[in-house]
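>>> I need the structure of the sequence given here:
(2 chains, ligands or ions: 2)
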There are 2 protein chains.
Amino acid sequence: MDIRNVVVAGGGVLGSQIAFQSAYKGCNVKVWLRSEGSIDRAKPKFERLKGIYLNTLEAMKTNPAAYCRGLAPKDATPEQLDALKAQVEAAYEGLTLTTSYEEAAADADLVIECIAEDPKQKVAFYTELAKHLPERTIVVTNSSTMLPSAFAQYTGRPEKYLALHFANEIWRNNTAEVMGHAGTDPAAYDAVVAFAEQIGMIPLKLHKEQPGYILNSMLVPFLSAAEALLANEVADVETIDRTWQLATGAPIGPFRILDVVGLTTAYNIGMLDPRAADPATVQGKVAAMLKRYIDEGKTGVNAGEGFYKYR
Amino acid sequence: MDIRNVVVAGGGVLGSQIAFQSAYKGCNVKVWLRSEGSIDRAKPKFERLKGIYLNTLEAMKTNPAAYCRGLAPKDATPEQLDALKAQVEAAYEGLTLTTSYEEAAADADLVIECIAEDPKQKVAFYTELAKHLPERTIVVTNSSTMLPSAFAQYTGRPEKYLALHFANEIWRNNTAEVMGHAGTDPAAYDAVVAFAEQIGMIPLKLHKEQPGYILNSMLVPFLSAAEALLANEVADVETIDRTWQLATGAPIGPFRILDVVGLTTAYNIGMLDPRAADPATVQGKVAAMLKRYIDEGKTGVNAGEGFYKYR
Ligand SMILES: NC(=O)c1ccc[n+]([C@@H]2O[C@H](COP(=O)([O-])OP(=O)(O)OC[C@H]3O[C@@H](n4cnc5c(N)ncnc54)[C@H](O)[C@@H]3O)[C@@H](O)[C@H]2O)c1
Ligand SMILES: NC(=O)c1ccc[n+]([C@@H]2O[C@H](COP(=O)([O-])OP(=O)(O)OC[C@H]3O[C@@H](n4cnc5c(N)ncnc54)[C@H](O)[C@@H]3O)[C@@H](O)[C@H]2O)c1
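Ligands and ions are numbered 1, 2, ... in the order given. Take a look at the predicted model:
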């Protein structure tokens, strides 16, 4: 099953990255967006990604620290990097943005659903999409918190539906967790694994449905434990991070990871636990602590400050 | 409060290391042991540690990878390393092994309790020790799983009693978590922090009692989550480790950490959860999985094989 014609639905943070990366790696990419307004909001994102890709490839000529796994082999020569810069330009020029289901669906080999994390919106999208899609098309969701089994029935092709879960800044953090539901056809699963490799990702295979996939299944309890130590005033941010780094050799500790993830995301994940509503519980103390940071605008690296300062 | 005269109670894995390291850093060290049999069992441990310290200091002259934080400054010259080797010999010669409470306690500034992780044994030890100890002496426990508040009343000096928790292979893994109970005198706490630094440890300060201290409070839920992914057959060992490494930049993933910790320790920690008795629960599946490895002799790095092979 050769995947060339890719549709990315949603032009948000992740949708724009996945579309750009797929185009960069040679796919014909159509970005399906809900409205003309969405098209206007998506365009500057692609502009920005073009700049990041070009600058990174240029920097990789001289600075080993600039290396991004999703963009080039480790030993790429300056000539090869220049050729890749031409691919960035071609990717940018080649992107098609459309609000038409017909246009997007017509010859799609793969649809990557990247719309907002709202089950109602996703169901509405899949239901309409199914009316236009060729039988052969595989559909994947990038959802971080929902399971493919929740949506399979709406796609008109449950056996060709699964999850392909990317990480933010995919040109650098090039992991892609591949997760089917019980009814996913192994052939569709394997085709998605091959596609992930084709666009420069490292596929990480799950044999079963698992909320949180592999990474968040470990990261969430780990980060929650660190948050609890801080909220309970057992130790300070620096001591907790240093303990983890010294003991495990990790380059950063939980609070630097939280600053990258973003405190708002951490707060939202924490609030999924009903105990977070009770201020007497650890979960409630953690939520209150994160809210204090967020209320002060300290939401993490992107804001210039979280648990640490970045400006 | 200057700490020079140190008593280490227990000559097991950690007791022998703490005694040797304290002597290496210039303390007068007496090792208190329960019986003549314990003395015979402890002696080869000190012999072995002497060899490790000497070999490591020698290797540090030429091999940066041999560097151990507990032994020397990063930039030590070959001459300085030779001087430190002489300190190793002096430490070895200077150790006093005794079964007498009187002899051990007489002029002790600090007693470090490192006897087996059994509350009854610890209570018996503290109760007898208290009869012989000068009023000024500080007492610390190296217990990994019990809280100082559980034993303070038996020491005859609750305000001078706290926890000082080392890590295995302390010459290399030189962290020392310092944790008081609610009644610990801050002056005793500070003296123990200073002592930890004096013997080459990095003190990690806890402001409150916390089961599992800082490190295990994060490590246990993290490793449990990884174990659950494997026991539930969501993904394989290599994929889980790789996911963690790629996403966080860590040098090793949870299953390599588990091989270092030892699968028997992981199993014992898991069995503290009553749910582990029910084979239908995740905890029960994890316990059964760990038991399969242990029954095959795959208990980790020390056995030559755990989740990975090491021979
Ligand atoms: N942000 C991350 O780090 C990240 C990482 C991995 C996976 N994800 C997943 O990717 C998906 C998108 O996340 P994002 O961060 O890109 O979100 P985002 O909010 O940046 O983008 C959401 C996109 O969906 C569009 N959209 C919203 N409602 C829609 C509807 N009814 N129909 C069509 N389009 C609609 C928005 O216009 C926008 O383009 C989510 O499922 C999320 O869980 C996000
Ligand atoms: N092994 C580790 O990695 C590690 C790490 C940190 C802390 N600790 C803690 O250090 C303490 C000792 O652990 P270990 O690994 O050295 O154990 P160990 O089994 O190697 O040694 C225990 C020592 O206690 C002695 N002992 C047993 N019962 C005694 C009694 N009734 N009276 C006097 N001595 C007695 C034994 O002879 C032995 O010398 C425990 O509290 C443990 O939680 C261990």
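
>>> C-alpha from now on. contacts and neighbour counts both.
Will do.

>>> ok, whichever strand or helix holds A:Gln17 near ligand 1 or not?
Using DSSP states H and E, the element containing A:Gln17 is helix A:13-24. Yes. Using CA under 6 Å from any ligand atom, helix A:13-24 comes into contact with ligand 1 via A:13-15.

>>> quick one: the helices in the stretch 101-250 of chain A?
Per DSSP state H, counting those that start in this stretch, the stretch 101-250 of chain A carries helices over the ranges A:101-105, A:119-130, A:186-198, A:215-231, A:237-248.

>>> Comparing those, which stretch has the densest surroundings?
helix A:215-231 (a mean of 21; mean count of other CA atoms under 10 Å in any protein chain shown).

>>> can you tell me if that helix touches chain B.
Yes. Applying CA under 8 Å from any CA of the partner chain, one finds helix A:215-231 touching chain B at A:215, A:217-219, A:221-223, A:225-226, A:229.

>>> same thing with stretch A:297-309?
No. Stretch A:297-309 does not reach chain B (CA under 8 Å from any CA); its nearest approach is 15.5 Å.

>>> circling back to that earlier point, generate a markdown table for the helices of the stretch 101-250 of chain A, with mean pLDDT as supplementary columns.
Supplementary listing: these in a markdown table, determined by pLDDT from 0 to 100:
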| stretch | mean pLDDT |
| --- | --- |
| helix A:101-105 | 96 |
| helix A:119-130 | 97 |
| helix A:186-198 | 98 |
| helix A:215-231 | 98 |
| helix A:237-248 | 97 |
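
>>> Can you say which of those helices is nearest to A:Arg136?
helix A:186-198 (9.8 Å; CA to CA).

>>> about what we covered before: quick one: the helices of the stretch 101-250 of chain A as CSV, columns for distance to A:Tyr53 too.
Output for the helices of the stretch 101-250 of chain A, formatted as CSV (distance: least, CA to CA, whole Å):
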stretch, distance to A:Tyr53
helix A:101-105, 25
helix A:119-130, 30
helix A:186-198, 18
helix A:215-231, 26
helix A:237-248, 31
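
>>> closest to ligand 2 out of those?
Nearest to ligand 2, of all the helices of the stretch 101-250 of chain A, is helix A:237-248, at 12.2 Å by CA to the nearest ligand atom.

>>> Tell me which other helices or strands that closest one touches.
Judged by 3 or more CA pairs under 8 Å, 6 or more residues apart in numbering or on different chains; DSSP states H and E, helix A:237-248 is in contact with helix A:254-261, strand B:175-180, strand B:202-205, helix B:215-231.

>>> got these as TSV, with distance to A:Ala124 columns?
Shown next, in TSV, are these (distance: least, CA to CA, whole Å):
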stretch	distance to A:Ala124
helix A:254-261	29
strand B:175-180	54
strand B:202-205	53
helix B:215-231	32
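
>>> Format these as CSV; extra columns: distance to ligand 2.
Compiled in CSV, the helices and strands packed on helix A:237-248 are given as follows (distance: least, CA to the nearest ligand atom, whole Å):
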stretch, distance to ligand 2
helix A:254-261, 22
strand B:175-180, 9
strand B:202-205, 14
helix B:215-231, 11
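
>>> ok and the helix holding A:Gln17 relative to helix A:186-198, angle-wise?
With axes from the mean of the first three to the mean of the last three CA atoms, to 10 degrees defining the directions, helix A:13-24 sits at 80 degrees from helix A:186-198.

>>> mind listing what's buried in helix A:13-24?
By neighbour count on 16 or more other CA atoms under 10 Å in any protein chain shown, the buried set for helix A:13-24 is A:14-24.

>>> Could you see whether ligand 1 lies near stretch A:93-102?
No. Judged by CA under 6 Å from any ligand atom, stretch A:93-102 makes no contact with ligand 1; its nearest approach is 9.4 Å.

>>> Would you mind listing the outside residues contacting that stretch?
Residues outside stretch A:93-102 that contact it (CA atoms under 8 Å, 6 or more residues apart in numbering or on different chains) are A:20, A:23, A:28-36, A:39, A:104, A:128-129, A:132.

>>> Next, the distance between the ends of it.
22 Å (CA to CA, to the nearest Å).

>>> So for it, what gets flagged as buried?
Buried residues in stretch A:93-102 (16+ other CA under 10 Å): A:94-95, A:97-99, A:101.

>>> among those residues, which are in strands?
Per DSSP state E, strands hold the following members of the buried residues of stretch A:93-102: A:97-98.

>>> and which of the buried residues of stretch A:93-102 is nearest chain B?
Chain B lies nearest to A:Leu95 out of the buried residues of stretch A:93-102, by CA to the nearest CA, at 28.6 Å.

>>> on that earlier part again, and which of the contacts of stretch A:93-102 is nearest B:Glu79?
A:Phe20 (57.9 Å).

>>> The closest one contacts A:Ala90, correct?
No. Counting by CA atoms under 8 Å, A:Phe20 stays clear of A:Ala90, with 10.5 Å between them.

>>> burial of the nearest residue to A:Lys25 once chain neighbours are set aside, as a residue count?
In this structure, A:Lys25 finds its nearest non-sequential neighbour in A:Ile199, 5.2 Å apart by CA to CA, 6 or more residues apart in numbering or on different chains. A:Ile199 is flanked by 20 other residues according to other CA atoms under 10 Å in any protein chain shown.

>>> about what we covered before: possible to save the residues of helix A:13-24 next to ligand 1 as CSV with pLDDT?
Formatted as CSV, those follow (pLDDT from 0 to 100):
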residue, pLDDT
A:Val13, 93
A:Leu14, 96
A:Gly15, 97
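
>>> Spell out which parts of chain A neighbour ligand 1.
Selection of chain A residues close to ligand 1 by CA under 6 Å from any ligand atom yields A:10-15, A:33-34, A:38, A:114-117, A:121, A:142-145, A:165-168.
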